[in-house]
Each structure stands twice: as C-alpha cells, then as structure tokens.
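Participant: I would like the atomic coordinates for the input below:
(one chain, ligands or ions: 1)
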Amino acid sequence: MVNGVKRVLVFDSGVGGLSVLDAIAASGLALELDYVADNAWLPYGLKSDADLRARVPALLHSIVQQWRPDLVVVACNTASTIALDAARAALTVPVVGVVPPIKPAAALTRTGVIGLLATPATVRRAYTNDLITQFAADKRVVRFGSSALVDIAERKLRGEAVDSAILAAEMRGLFGAPGGNEIDVVALACTHFPLIADELANTAQRACVWLDSGEAIARRVGNLLIAEKGAARARHAGFTDGTVAYALGRAFNARGFSKIAAIGPTPAFDVAPLGVNVSH
Ligand code: DGL
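Facilitator: Predicted coordinates:
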C-alpha cells in the first residue's frame, strides 16, 4: 500500500479477469490494480476440482506475499465455485469471488427460461446447482459449458480474428438445446465471456439480455475497501506462462499495465520482471 492507496489483486486463469478489472476501474475509485493470469494452466474449465483446490490457494498465497495487495478478487467462476473457501483459508486479506449471475437473471427473465453459459466445470458444480435451487427454482435453466469460447476470448485479446464458425456452433449448442428457443436472459458465468459479448449477441439465434457479474464485484470491492474517489491505476501483470505476454501486450497496455512479470512454477511461484515491451 502506497500513500494510503489500496491495492487490489485480480486473478484469473487467463485474460477473463480483465472484464472484472475493467468494471473495477470504471467504478471511480482510486485503487492500484495488479493482475495475475495462471495461463500455464489454462483452461481451468477442463481441470479437476482437486487440482484447482490445491493450486489456486497456493498460487494466491505466494503472490500475496510478494505483491502485498489489500484485497484479492478471484475473477474466475471456475475457481470461485470450487476453491473460494480454500483461498480464504490460505490468505489473511479479504477475498472476493465471482459467482454465476443466476439471481439477477431470474429476476429479469420474462419467458422463465435462462441460459447459463459457463465453462464445462462451472455448469456442473454443486455450487451452481445450489444457486439455481435458491434463486431460480421456478425457472428453466438451460446450461451450456464451453471451453471453445474461452479460447476465442484469449485469441481475441492476442489480436487474432474471432472464428465465427466456432462461435456459431457454440451458440447453436446453447440456443439449440431443449428449451433454448425460449431463452431471453443469458447469465455469462465465465469472466472471459463479457470480453466477447458483442460477438455472442451478434451470433445468437435470439435477442437476449446478456448479464455478467463485473459491476456486482466492483461494488463489493468498493464496500470492503475504504478508497478515495478517483482514477484506478494498473500496475503489475504477472503470467505463469510468460511466453504469451508479448502477444497480450496490447490488451494489457491499453489498460495501463506497465510492469509485466513471469511467475515461476509451483511451489514457490516466484515473480520475476519480464523484459517485455508491451507498448507495441
Ligand atoms: N475465466 C474463467 C471463469 O470465469 C474460466 C476460464 C478457464 O476455463 O480457464 O470461469
């Protein structure tokens, strides 16, 4: 913490947490923002629950020791729905997780049919089932798990073209499922998906409301930290696979990150500055 400015560490498997970071940056608080992408392990949506429960708290614990944030945001539904309690137990700073926006989706739907778009792991989690039972028991929830959309978002932020055939196939998977032709609200329960929200909406078979959790997370962060009004400032971005840092430079540079770091392997997860010029 410098000059009383609170520091927030935003964590995801890849670039998805940038959708949450953008919402925090837009909330008008003078915060310092650090970012960690565990991109050596991407995609989390295809990893086992046990592996994520072991890795995520250990990685966060090490980064918190090194960067000393005041608060950690697990900006990843796949990690939050399985490892949030373990992350909280491993850390002494507050931890905010992101959960599928089932509750607001249930409040908004007029047809009574909600689309749940998430990773293959999140759609089948007990945590997700509990949310549906609690907030959408009288609705129909059409679930679709996609890792291909995570990959599309990663590629987009590396400056690659979005593959419209894959996008269309994934949208058919959601809207072509039983009940899918009545979906009027889609809960984006993976932080990568708001980064391709326009592409999703343009490809979808129906006009829908697309809901994400970014603003809710930003409000929660604001409630937990006493922060001055002002502009947020991005600081360090660390990657467990530093080889893609150059390709991602534009996306991170656009958000004001100047210090790019490589994070070493388990168990130390040592942070080392990367000599990457991200201002191309
Ligand atoms: N961004 C992550 C989420 O919110 C998942 C991406 C992945 O599968 O790694 O679920």
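
Participant: any figure for the gap between residue 154 and residue 262?
Facilitator: Distance, residue 154 to residue 262, using C-beta to C-beta, to the nearest Å: 18 Å. Where you see a C-beta, it was placed from the backbone N, CA and C, and this is true even at glycine.

Participant: more neighbours, these two?
Facilitator: Per other C-beta atoms under 10 Å, whichever of residue 154 and residue 262 has more neighbours is residue 154, with 23 against 19.

Participant: tell me the contacts of residue 107?
Facilitator: Applying C-beta atoms under 8 Å, 6 or more residues apart in numbering to residue 107 gives no contacts.

Participant: is it fair to say it lies in a helix?
Facilitator: Yes: applying DSSP: H, G, I helix; E, B strand; the rest coil, one finds residue 107 inside a helix.

Participant: for it, give its distance to residue 151.
Facilitator: For residue 107 relative to residue 151 (C-beta to C-beta), the value is 31 Å.

Participant: swap in residue 161?
Facilitator: To residue 151, residue 161 is 13 Å away according to C-beta to C-beta.

Participant: with residue 253 instead?
Facilitator: 22 Å.

Participant: quick one: average confidence on whatever helix or strand residue 218 lives in?
Facilitator: Assessed by DSSP states H and E, residue 218 sits inside helix 214-224. For helix 214-224, mean pLDDT is 96.

Participant: what about that helix and the ligand, any contact?
Facilitator: No: judged by C-beta under 6 Å from any ligand atom, helix 214-224 stays clear of the ligand, getting no closer than 11.1 Å.

Participant: which neighbouring elements make contact with that helix?
Facilitator: Helix 214-224 sits against helix 17-25, strand 71-74, strand 95-97, with contacts defined as 3 or more C-beta pairs under 8 Å, 6 or more residues apart in numbering; DSSP states H and E.

Participant: what about the following helix or strand past that helix and the ligand, any contact?
Facilitator: Using DSSP H and E, the helix or strand that follows helix 214-224 in sequence is strand 233-239. No: Strand 233-239 stays clear of the ligand (C-beta under 6 Å from any ligand atom), getting no nearer than 13.5 Å.

Participant: now the angle from strand 233-239 to helix 17-25?
Facilitator: Angle, strand 233-239 to helix 17-25, by axes from the mean of the first three to the mean of the last three C-alpha atoms, to 10 degrees: 160 degrees.

Participant: got the buried residues for strand 233-239?
Facilitator: For strand 233-239, burial by neighbour count (16 or more other C-beta atoms under 10 Å) applies to 234, 235, 236, 237, 238, 239.

Participant: list the buried residues in the helix or strand just after it.
Facilitator: Following strand 233-239 in sequence order, the next helix or strand is helix 249-254 (DSSP H and E). Of the residues in helix 249-254, 249, 251, 252, 253 count as buried by neighbour count, 16+ other C-beta under 10 Å.

Participant: same question, stretch 209-222
Facilitator: 209, 210, 211, 212, 213, 214, 216, 217, 218, 220, 221.

Participant: could you dump those residues into TSV with distance to residue 58 added?
Facilitator: Shown next, in TSV, are the buried residues of stretch 209-222 (distance: C-beta to C-beta, whole Å):
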residue	distance to residue 58
209	38
210	34
211	32
212	28
213	25
214	27
216	27
217	23
218	27
220	24
221	23
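
Participant: residue 23 is in contact with residue 232, correct?
Facilitator: No: with contact defined as C-beta atoms under 8 Å, residue 232 does not reach residue 23; the gap is 10.5 Å.

Participant: residue ranges with poor pLDDT in this structure?
Facilitator: Applying pLDDT under 70 to the chain picks out residues 1-3, 275-280.

Participant: from the buried residues of strand 233-239, which is closest to the ligand?
Facilitator: The ligand lies nearest to residue 239 out of those, by C-beta to the nearest ligand atom, at 13.5 Å.

Participant: list the contacts for the closest one?
Facilitator: 36, 37, 39, 40, 245, 248, 260, 261, 262, 263, 274.
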